[in-house]
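Engineer: task: produce atomic coordinates for the following.
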Amino acid sequence: MERIVQVHYPDLKKRLLSEALESFFEIREVLGLKKRSSTSELLDWIKLL
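Structural biologist: Purely as a prediction, here's the structure:
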């Protein structure tokens, strides 16, 4: 997943990438969600950050 993000945002700071991925995977593990977050949603989220 890190490589995918780096293709879209090559200048993204490592700390932001690390924290975004950690949060993303934690959210994906939440039980009871109708739909797990997708990679494209992660990319959109990082774009906003």
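Engineer: what helices and strands are in contact with the longest helix along the chain?
Structural biologist: Secondary structure of the chain per DSSP state H: the longest helix is helix 14-28. Helix 14-28 sits against helix 2-8, helix 39-48, with contacts defined as 3 or more C-beta pairs under 8 Å, 6 or more residues apart in numbering; DSSP states H and E. To be clear about C-beta, it is placed using only N, CA and C from the backbone, and glycine gets the same treatment.
Engineer: need these in TSV (columns: mean neighbour count and mean pLDDT).
Structural biologist: Formatted as TSV, the helices and strands packed on helix 14-28 follow (neighbours: other C-beta atoms under 10 Å; pLDDT from 0 to 100):
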stretch	mean neighbour count	mean pLDDT
helix 2-8	12	95
helix 39-48	13	94
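Engineer: before we move on, what SS does the residue of the chain positioned farthest from its centre have?
Structural biologist: In terms of distance from the mean C-alpha position of the chain, residue 32 ranks first, at 19.7 Å (C-alpha atoms, centre = their mean). For residue 32, the assignment made with DSSP: H, G, I helix; E, B strand; the rest coil gives coil.
Engineer: show me what contacts the spatially most central residue of the chain?
Structural biologist: Nearest to the mean C-alpha position of the chain, by C-alpha atoms, centre = their mean, lies residue 42 at 3.6 Å. Contact analysis of residue 42 by C-beta atoms under 8 Å, 6 or more residues apart in numbering lists 1, 5, 20-21, 24.
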